[in-house]
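In: Give me coordinates for this.
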Amino acid sequence: MTNLLQGFTAHTFTYTHPSDGEITIAYQRAGNGPPLLLLHGFPQTKIIWHLVAPRLSEHFTVIASDLRGYGESSKPSGNADHSNYSKRSMAQDQVSLMKHLGFDQFRVLGHDRGGRVAHRLAMDHSNNVSQLMVLDISPTLAMYEQTSMAFAQGYWHWFFLIQKAPIPETMIGANVEFFLKQFMGGRFAGLGIFKDYCWQEYLTTMQNPAALHAMCEDYRAASTIDLEHDRADRSSNKVLDIPLRVLWGEHGLVNACFKPLQDWGKVANNVTGRTVSSGHYVPEEAPDELLEEALKFFQ
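Out: Residues are numbered from 1 along each chain as shown. Predicted structure coming up:
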């Protein structure tokens, strides 16, 4: 059972995706006011928001969901072209959830992979997203096209997880805890920022072979079909017109290797942002700073 965010209630939503079949999305809900969708990153779950979601729920109706393939959401086997883990398909899950809850327009806050899903959600469903905040990412296409030795060494998982199945699944699956400790503990803040119950949820989830495969498929899609979708946007000069706020860790590799404001400025017309005093895991490293930014931006 997934841990509950303080004051939240747990739910599931099941629908039939046009090409991927029946999908179930697990989510937690609390609060009143304007709707705000929270999307987590890899290799985590909606519990990453435990330090900010309860306080956000004092101002918003907060929906914290598990992405397809993560947490308690559906984990279908990947298609040959990885299309059922494209950010387009993963975004469709989330907009379908929000519409099911009666929210035709909403705000979105996404960290890491959740930010990439949020980017595609806003591109494909521009009438449904009023404001977007992304944490510690530049756009996927920008990051692949600007790959340097420093980025490849630091974000080695981008190039490992995309290898043909079941190579990474088998190697990680042999000792998931070792992988997570090396991967998450090797970043700026170390493992101390993760509460025990959060860490246990991340570990238990990834120890599920279906979840591990889904996570790899998420990255395989990012290096293939997602780039096709991003390049199609660029070819047609399609950009985001909604307010976009970008926050990234001062001590993270995105700050060292990329120029997030410049990168996002190529895909959006109304971009602002700055560094925050953290590494990659902004919601768990700098919750107060994130909360202050989110309340200012979304209100």
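In: What distance do you get for residue 259 to residue 266?
Out: Using CB to CB, to the nearest Å, residue 259 is found at 10 Å from residue 266. In this view, the C-beta of every residue, glycine as well, is placed from N, C-alpha and C.
In: Residues that sit against both of these two, list them.
Out: Residues touching both residue 259 and residue 266 by CB atoms under 8 Å, 6 or more residues apart in numbering: none at all.
In: Spit out the contact partners of the residue most central in space within the chain.
Out: Nearest residue to the geometric centre of the chain (CA atoms, centre = their mean): residue 114, 1.4 Å. By CB under 8 Å, 6+ apart, the residues touching residue 114 are 38, 39, 40, 41, 67.
In: For residue 232, grab the count of nearby residues.
Out: The number of residues packed near residue 232 is 11, by other CB atoms under 10 Å.
In: try residue 200
Out: 13.
In: Over to residue 9?
Out: By other CB under 10 Å, 10 other residues sit near residue 9.
In: from memory it sits against residue 29, does it?
Out: Yes - using CB atoms under 8 Å, residue 9 is in contact with residue 29, at 5.8 Å.
In: Which parts of this protein are strands?
Out: Listed in chain order, the strands of the chain (DSSP state E) span 9-17, 21-30, 35-39, 61-65, 106-111, 129-135, 244-249, 271-276.
In: want to throw those into JSON lines with distance to residue 220 and mean pLDDT?
Out: Listed next are the strands of the chain as JSON lines, based on distance: least, CB to CB, whole Å; pLDDT from 0 to 100:
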{"stretch": "strand 9-17", "distance to residue 220": "18", "mean pLDDT": "98"}
{"stretch": "strand 21-30", "distance to residue 220": "18", "mean pLDDT": "98"}
{"stretch": "strand 35-39", "distance to residue 220": "19", "mean pLDDT": "99"}
{"stretch": "strand 61-65", "distance to residue 220": "22", "mean pLDDT": "98"}
{"stretch": "strand 106-111", "distance to residue 220": "20", "mean pLDDT": "98"}
{"stretch": "strand 129-135", "distance to residue 220": "21", "mean pLDDT": "98"}
{"stretch": "strand 244-249", "distance to residue 220": "25", "mean pLDDT": "98"}
{"stretch": "strand 271-276", "distance to residue 220": "28", "mean pLDDT": "98"}
